[in-house]
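In: need the 3D shape of this:
(one chain, ligands or ions: 2)
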Amino acid sequence: MSPVTPLRPPARVLAVAGSDSGGGAGIQADLATIGAWGGYGMTAVTAVTAQNTQGVQAVHVLPADVVTAQLEAVGADIGVDAVTIGMLGSVPVMHAVADWLEAARPPRVVLDPVMVASSGDRLTDAAGEDAEAAWARLLSLADLVTPNVPELAALTGRTLDEEDDPARALAAAVAAARGLVAADGPVGRGGTVLVKGGHLPADAEGCLTDVLVGPQGETAVTAPRVGTRATHGTGCTLSSALAVLAAGGRSWEEALRAARPWLTRALRGADGLGVGDRSRPTWHGPLDWRVPTDDDGRRA
Ligand SMILES: Nc1ncnc2c1ncn2[C@@H]1O[C@H](COP(=O)(O)OP(=O)(O)OP(=O)(O)O)[C@@H](O)[C@H]1O
Ligand SMILES: Cc1ncc(COP(=O)(O)O)c(N)n1
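Out: Ligands and ions are numbered 1, 2, ... in the order given. You can find the predicted model right below:
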């Protein structure tokens, strides 16, 4: 046996997303996550946002041909083992990404259908029938779709925010996701939906549940709800972790079971970061240090 364990080449993961100047979500969270899991991160920037923990101050969506140029540059030369898609910003950009997915057929595509930031600010000008048609195209090209509950409601036209009971609220969201993955549904063709529980009430044990809903069945993964306001970027972080783990050969279930405890640590680490004072970011780095902060988590 060789004394040196041969290294596997890092998974090449392409993040198609917007830039968050505050560093908490979007491309910045994607690259931090891909790096944390040992992947090689690449980007196709769709939009530039001026953003911090208070909210989104400005959005500039890039022209669709600039997005296409980035996708083609990376795909043609470096190669892509997995794609993670976040903020797209406009209908032309959505179609540009769908065109490239159709032509390039990357092996694993994770689609986080980002619509609104956790601050409440809109991150897309896509609306109406044009947006519906563009989402339908993207859903049909994704292997894993990771909506939060408001996004799931928007994609399925269902009302999902009326149930206070955690089990019934989750069941309603899972039922909506089943419609997406049904043989005649928009995801169809063997794709999976991850219903994320971050917007649902915690259960009696104080836990949140995420459910993978696929054509072959469902898997629920439960984790403690972390009592923090520092959840900015959790969606981007989770999608990118799933993409890099799947690119390394894991199934969606194996990827979620590995990523979910890591996300709990990232959420727990966020309070000690002392970054900003409203919608604080999760923390992808080492947890063996603490910034001195006051009772509100501001840097002392
Ligand atoms: N307070 C929390 N404690 C533990 N896990 C959480 C918490 N909030 C969200 N999560 C987890 O974070 C992941 C993202 O879920 P969520 O439903 O918040 O998605 P999202 O709204 O797209 O995220 P974002 O906050 O980035 O917009 C899920 O795995 C969810 O269970
Ligand atoms: C560029 C960009 N992409 C995605 C999000 C969503 O993340 P969150 O819902 O945590 O604000 C964001 N705020 N900004």
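In: up against ligand 1, what does the stretch 101-250 of the chain have?
Out: Neighbours of ligand 1 within the stretch 101-250 of the chain, by C-beta under 6 Å from any ligand atom: 118, 148, 196-199, 208, 210, 223, 225-226, 228, 231, 233-236, 238. Where you see a C-beta, it was placed from the backbone N, CA and C, and this is true even at glycine.
In: ok, residue 97 - contacts?
Out: Residue 97 makes contact with 16, 44, 46, 67, 71, 85, 88, 138, according to C-beta atoms under 8 Å, 6 or more residues apart in numbering.
In: that's a strand at the first one, yeah?
Out: In this case it means residue 16. Yes - counting by DSSP: H, G, I helix; E, B strand; the rest coil, residue 16 is part of a strand.
In: what about residue 128, neighbour count?
Out: 8 (other C-beta atoms under 10 Å).
In: I meant residue 62, not that one.
Out: 21.
In: there's contact between it and residue 49 in this structure, I believe.
Out: No - taking contacts as C-beta atoms under 8 Å, residue 62 lies outside contact range of residue 49: 11.3 Å.
In: do the lowest-mean-pLDDT helix or strand in the chain and ligand 2 meet?
Out: The weakest-scoring helix or strand in the chain, judged by mean pLDDT, DSSP states H and E, is helix 252-271 (a mean of 92). No - using C-beta under 6 Å from any ligand atom, helix 252-271 stays clear of ligand 2, coming no nearer than 11.5 Å.
In: packing partners of that helix?
Out: Judged by 3 or more C-beta pairs under 8 Å, 6 or more residues apart in numbering; DSSP states H and E, helix 252-271 is in contact with strand 192-195, strand 207-214, strand 217-224, helix 234-247.
In: let's have those in CSV, adding mean neighbour count and mean pLDDT.
Out: Converted to CSV, the helices and strands packed on helix 252-271 look like this (neighbours: other C-beta atoms under 10 Å; pLDDT from 0 to 100):
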stretch, mean neighbour count, mean pLDDT
strand 192-195, 27, 98
strand 207-214, 21, 97
strand 217-224, 14, 97
helix 234-247, 28, 97
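In: distance to residue 103 added to the ones you listed, as TSV?
Out: Output for the helices and strands packed on helix 252-271, formatted as TSV (distance: least, C-beta to C-beta, whole Å):
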stretch	distance to residue 103
strand 192-195	23
strand 207-214	26
strand 217-224	32
helix 234-247	20
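In: go ahead and confirm residue 237 touches residue 285.
Out: No - applying C-beta under 8 Å, one finds residue 237 not in contact with residue 285, separated by 12.0 Å.
In: circling back: are any of the contacts of residue 97 buried, and which?
Out: 16, 44, 46, 67, 71, 85, 88, 138 (16 or more other C-beta atoms under 10 Å).
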